[in-house]
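>>> Any chance you can model this:
(2 chains)
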Amino acid sequence: MTNEDHANGNGSARALAVHVRGVTKTFGKGDAATHALKGVDFDARLGEMLLIVGPSGCGKTTLLSVIAGTLEFDGGEIDVFGCALHGLRPREVTEFRKRNVGFIFQQFNLIPTLSLIENVSVPLIINGSSRRAAEKEAGALLDELGLAGRGRESPLNLSGGQQQRVAIARALVHQPRLVICDEPTSALDKETGQHIMELLRRVARKPDRCVIVVTHDSRVFKYADRMTEMEDGRVERVHEGSSHYKEDAEH
Amino acid sequence: MYHIALKMLIGDRAKYIMLIGGLTFAALLMTQQCAVFFGLLSWTTSHLRNMRAAIWVVDAKVEQVNEVKAMRDTDVSRVRSVAGVAWAVPLQASILQSKLSDGNFKPIMIIGLDNTTLVGRPSRMLAGRLEDVRLPNSVIIDDLAVQRLSVGRARPLHIGDTFEINDKEARVVGICKADRHFFGYPYVFTTYDQALQFAPKTRKMLSLVLAEPAPGWTAARAARQIEKETGFSQSRGTGLRAFTEEEFFWSTIWWYFRNTGIPASFGTTILLGFLVGIAVCGQTFYSFVLENLKNLGALKAMGASNGLLSRMLLLQALTVGVIGYGIGVGLTVLFGLLVLDKGMPPFLMPWQLPVATFVVILLICVLAALLGIRKVWQLEPAIVFRG
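Model prediction:
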């Protein structure tokens, strides 16, 4: 496989979307060193919505960052769609991210000075689409997500739930195969959060796509196909299905 | 992505206006102060433009055109005898007092022209005939003299009016346009012989010799020949010193640079404009980048390369630079248009000045952008996951 194939994520077809083995990450040095990941083993499959849960400071976001290629890790191996991130140069990682990863952030991270359509069109433009084509596609996706006719508005005019819908549109507009969601419901009320999770399940989960959600919002555990529980920089348990958490959430 | 960069910039109204304001101020300060400085320097060489000659011959110790060290009348003949000189004529230049109608006195710059040829005559007559200056007690005054010497009169000085120069009556036979003198003295042209009558008697009365190179001689070669044949030595103070018009111009300019605080004073203001530009633009742009760090991090996470983000920041900085420059230089031109008619303060804006200001403003913008670019290059895209 060539470097470009790696960057495109055109590895051999597997059931596994993300394959993490023995990944370590330490912040700081000496006495001030914090071992955020202590040899994490982790898998995510194609076509599933996987939740990473655990207490604050357990390493969920760090794991999400290294899988997304936004943070360098110290040791171990990460394969995403057959592409070994640990073997890529920074520029190739950026290229990989550009084509294959969509992001949904806790605080939405929409650019307030841009209209909704412009915000959503950003990943397409970064990927080389013309402005006109990108905005057309962005407008269509916003329509699909229930924001028809509001494309020229500022994100500041929207409610939290509506802003997160725009963020979802931005994450999906360039058809990424990996969708990374960092606490997508923590800034939303219960009802809005559940709408967002339903929307994510509906639009993001496809056979050739993998959605990884970091959350400690127990109200959304029921939407997971699988759930990985982390503690102190390690994966403690992996739960197939979410019935256990459904019960916890109900209590 | 460039339209997104511009929308991000314009969308932050406060910083956008602050950036443009800072750069406008810097461009205005640098261009306007330079234009006033150049205007002031141009006044120091007004003799050269008002009396136009290819070769200027002066005393050996003279360094600049406003300095008068009288020579002997026979020095004109010495210059005429030099090989390479087509002709040479005497010129008298001295500062005298003129008496106003209200009893006050005003200094004037009297220029005595060669009686026959009137070489050194004003280039533009506004009223009257140049030749009439040969009539007894006649003078041609410039428009500044009309303004300055008319104090206490019912109407401005005009042809036929008289006034006193050094207790002697002078009759106005013409009004001309002349470049303003550095010290603000009005120019009063008369013939050489009449100038000697107006001026107090001294042992030597010749101020300058104006000469023309002979056919086949350049002005510079003829000037060197004059110096050679008259035994010029600056250190010993012997012989006659000869300048071409351009040599005299630069000699005068450098004299003012070396001997007055004017360049240092204006230079300080111009430097201040540059520093204010850097400080305001750099600080505001850096804080703009800091405030947008999350957004830039999000763009980086989405796959925007460092190069793309750097170009976006550069575009933003250069955009405010070009707008600030345009407004600043526009205001300077407006200032120039307002003061040029009045003649005060001095103002001269050669084409090189706006070009140089443009380059400096772009430099300020690039420096400001580099601060932001450095931050963006250090930015880890994972910042977007930190609350």
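>>> switch to C-alpha atoms for all contacts and neighbour counts from now on
Noted.
>>> Settle this for me: B:F347 is touching B:L41, isn't it.
No - counting by Cα atoms under 8 Å, B:F347 sits too far from B:L41 to count as a contact (9.6 Å).
>>> ok, residue 164 - contacts?
No chain in the question, so chain A it is. A:104, A:108, A:184, A:196 (Cα atoms under 8 Å, 6 or more residues apart in numbering or on different chains).
>>> try again with chain B
So B:E164 contacts B:98-100, B:170 (Cα under 8 Å, 6+ apart).
>>> can you rerun that using 10 Å?
For B:E164, the contacting residues are B:97-101, B:105, B:149, B:170-171, B:198, by Cα atoms under 10 Å, 6 or more residues apart in numbering or on different chains.
>>> For the residues you listed, please prepare CSV with the additional fields neighbour count, distance to A:D189 and secondary structure.
As requested, these are arranged in CSV below (neighbours: other Cα atoms under 10 Å in any protein chain shown; distance: Cα to Cα, whole Å; DSSP: H, G, I helix; E, B strand; the rest coil):
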residue, neighbour count, distance to A:D189, secondary structure
B:Q97, 19, 91, strand
B:S98, 22, 91, strand
B:K99, 19, 91, strand
B:L100, 18, 89, coil
B:S101, 16, 91, coil
B:F105, 16, 88, strand
B:L149, 26, 86, helix
B:A170, 22, 97, strand
B:R171, 22, 96, strand
B:F198, 23, 98, helix
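>>> A:M227: which of the residues you listed is nearest?
When the contacts of B:E164 are ranked by distance to A:M227 (Cα to Cα), B:L149 comes first, at 98.3 Å.
>>> That closest one contacts B:Y187, correct?
No - using Cα atoms under 10 Å, B:L149 makes no contact with B:Y187, being 11.2 Å away.
>>> list the residues that contact both of the two?
In contact with both B:L149 and B:Y187: B:107-108, B:141, B:143, using Cα under 10 Å, 6+ apart.
>>> pLDDT score assigned to whatever residue of chain B ends up closest to chain A?
Taking Cα to the nearest Cα as the measure, chain B has B:G303 as its residue closest to chain A, at 4.0 Å. At B:G303, the pLDDT value in this model is 85.
>>> now do the one 3 residues further on
Model confidence at B:N306, given as pLDDT, is 87.
>>> Now it. Nearest residue, chain neighbours left out?
Of all residues not flanking B:N306 in the chain, B:W377 sits nearest, at 6.0 Å (Cα to Cα, 6 or more residues apart in numbering or on different chains).
>>> cool, A:E48 as well?
Closest to A:E48 by Cα to Cα, 6+ apart is A:C210, at 5.5 Å.
>>> Could you do A:I168 as well?
Nearest non-adjacent residue to A:I168, counting by Cα to Cα, 6+ apart: A:I104, 6.1 Å away.
>>> so the one you found bridges to which residues?
Going by DSSP bridges, A:I104 is paired in beta bridges with A:C181.
>>> my read: it touches A:L178, true?
No - if you go by Cα under 10 Å, A:I104 and A:L178 don't touch, sitting 11.2 Å apart.
>>> Can you check which residues contact both of those two?
Residues within reach of A:I104 and of A:L178 at once, by Cα under 10 Å, 6+ apart, are A:171-172.
>>> Break chain B down into its structural domains.
Taking automatic domain parsing as the reference, chain B has its domains at B:2-43+B:261-385, B:48-259.
>>> can I get those in TSV with distance to A:S218?
Output for the domains of chain B, formatted as TSV (distance: least, Cα to Cα, whole Å):
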stretch	distance to A:S218
domain B:2-43+B:261-385	19
domain B:48-259	78
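>>> Please point out the stretch among those with the lowest average pLDDT.
For the domains of chain B, the weakest mean pLDDT is recorded on domain B:2-43+B:261-385, namely a mean of 85.
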